[in-house]
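Turn this into a structure:
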Amino acid sequence: MKQRPFQQVDVFTDTAFLGNPLAVVLDGQGLSDAQMQAFAAWTQLSETTFVLPPTPEGAAGGADYRVRIFTPGAELPFAGHPTLGTAHAWLSAGGKPRQAGVLVQECGVGLVTLKQLGERWAFAAPPLSRSDISAKDLAPVLAALGLDASEVMAAQNLNNGPHWLGLLVGDVDTVLALDPDHAALKKLGTKVGVAAKRQAPDGGLIRRANREARAFTASSTRIANDPTDLEVRAFAAPVGVAEDPVTGSLNASLAQWLMADGHMPTAYSARQGTMLGRAGQVFLSQDAQGQVWVGGDVVGCIQGTVNL
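Residues are numbered from 1 along each chain as shown. Have a look, this model is predicted:
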């Protein structure tokens, strides 16, 4: 056991305590898989990361560092808020990228590029594989969510490292009203992301009042003056997280799908965490080469050491 540099940051927010917290152990060398998993379970955050030197293969590909990502219940090959949060922690601890304005992270899916876009960083969404889901396979998931098939506009199996079932529903109120059977979702082994496009503001005062009443900390979030285009919720009981506050990997795969199928424009922002009292905001854009970039603010909250 030794003292290791440690940070806790809040990701996808410019205001501390309104995003998705991340624990970052900045020196993971010498820790076993079991030690990493045990510490991640102890933090009880949706994800905890451990920074390591890149492998020889990663270094040859330009990696600045390697990261391992754990939920309280399992290791992930990739996740979005840990990617941005770890980059922020590594840079604030004195890390020097090989190339100014660009970072290359090595993780379970390989190399992930991050670049600085103005004042915030964004990561390149990993390649997405997606497929339709049959009505038979969709039915038990909808039952666990309390949704009727008529409320679902589109559904896709999405995999950019983590696997998600993505659902697009008709309105924001439906998303915010969800009260899933998390035990049923865990038994099904299905992580689900549910999204809805925000409607034009005409006649929207009643809808907005409903949303603000449901979001019990609306006064401390940005709901009342919400600039976002998409409302998102992420249910991940199979990996020990009932509802994730803000999810980069899900928003990445949703953007890749929704942009490709014409449901969303090639630049938009998404809000997540409303029902958890958070005000997470994710910025999605697609460049001229078709690459989707996922960006967000990060705020440092805790800095020190941990005995591991």
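
can you pull out the strands in the stretch 151-300 of the chain?
Under the criterion DSSP state E, counting those that start in this stretch, the stretch 151-300 of the chain contains strands at 152-159, 163-169, 192-197, 230-236, 241-244, 267-272, 280-286, 292-296, 298-307.

now do the stretch 1-150 of the chain
For the stretch 1-150 of the chain, the strands defined by DSSP E, counting those that start in this stretch occupy 3-11, 20-25, 48-52, 65-70, 75-76, 102-107, 110-117, 120-124, 129-131.

Adjacent strands (with direction) for the longest one?
Looking at strand 3-11 with DSSP bridges, its partner strands are strand 20-25 (antiparallel), strand 298-307 (antiparallel).

Let me have those in TSV, extended by mean pLDDT, mean neighbour count and distance to Gln105.
To be clear about C-beta, it is placed using only N, CA and C from the backbone, and glycine gets the same treatment. Shown next, in TSV, are the strands paired with strand 3-11 (pLDDT from 0 to 100; neighbours: other C-beta atoms under 10 Å; distance: least, C-beta to C-beta, whole Å):
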stretch	mean pLDDT	mean neighbour count	distance to Gln105
strand 20-25	98	27	12
strand 298-307	98	15	14
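
now these as CSV including distance to Gln8?
Converted to CSV, these look like this (distance: least, C-beta to C-beta, whole Å):
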stretch, distance to Gln8
strand 20-25, 5
strand 298-307, 4
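
doesn't Gly80 make contact with Val109?
No. Assessed by C-beta atoms under 8 Å, Val109 is found out of contact with Gly80, at 11.5 Å.

Between these two, tell me which one has more neighbours.
The neighbour count for Val109 versus Gly80, taken as other C-beta atoms under 10 Å, is higher for Gly80 (29 against 17).

Test my guess that the more buried one contacts Ala252.
Yes. At 5.7 Å, Gly80 counts as touching Ala252 under the criterion of C-beta under 8 Å.

list the residues that contact both of these two?
Common neighbours of Gly80 and Ala252, using C-beta atoms under 8 Å, 6 or more residues apart in numbering, are 123, 294.

Nearest to Gly101, out of the strands of the stretch 151-300 of the chain?
strand 292-296 (13.3 Å; C-beta to C-beta).

Give me the sheet partners of that closest one and which way each runs.
Its sheet considered, strand 292-296 pairs with strand 120-124 (antiparallel), strand 280-286 (antiparallel) by DSSP bridges.

the bottom helix or strand of this protein by mean pLDDT?
Lowest mean confidence among the helices and strands of the chain (mean pLDDT, DSSP states H and E): helix 205-214, at a mean of 39.

Tell me which of the strands of the stretch 151-300 of the chain lies nearest to Ala139.
Across the strands of the stretch 151-300 of the chain, Ala139 has its closest neighbour in strand 152-159 (10.9 Å, C-beta to C-beta).

CA atoms only for the closest one, dumped as CSV, please.
This file holds the C-alpha atoms of strand 152-159, laid out as CSV (Å, rounded to 0.1, in the frame of the first residue of the first chain):
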residue,chain,number,x,y,z
VAL,A,152,-41.2,4.7,-29.1
MET,A,153,-40.3,6.5,-32.3
ALA,A,154,-37.1,4.6,-33.0
ALA,A,155,-34.9,1.9,-31.3
GLN,A,156,-31.4,0.6,-32.0
ASN,A,157,-28.8,-1.6,-30.4
LEU,A,158,-25.7,0.6,-30.0
ASN,A,159,-22.1,-0.5,-29.4
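
quick one: buried residues of it?
For strand 152-159, burial by neighbour count (16 or more other C-beta atoms under 10 Å) applies to 152, 155-159.

follow-up on the earlier one: which of the strands paired with strand 292-296 sits most buried?
Ranked by mean neighbour count, the strands paired with strand 292-296 are led by strand 280-286 with a mean of 24 (mean count of other C-beta atoms under 10 Å).

now the angle from it to strand 267-272?
Angle of strand 280-286 versus strand 267-272, following axes from the mean of the first three to the mean of the last three C-alpha atoms, to 10 degrees, is 150 degrees.

Also compute the angle for strand 280-286 relative to strand 230-236, please.
Using the same axes, to 10 degrees, the direction of strand 280-286 lies 110 degrees away from that of strand 230-236.
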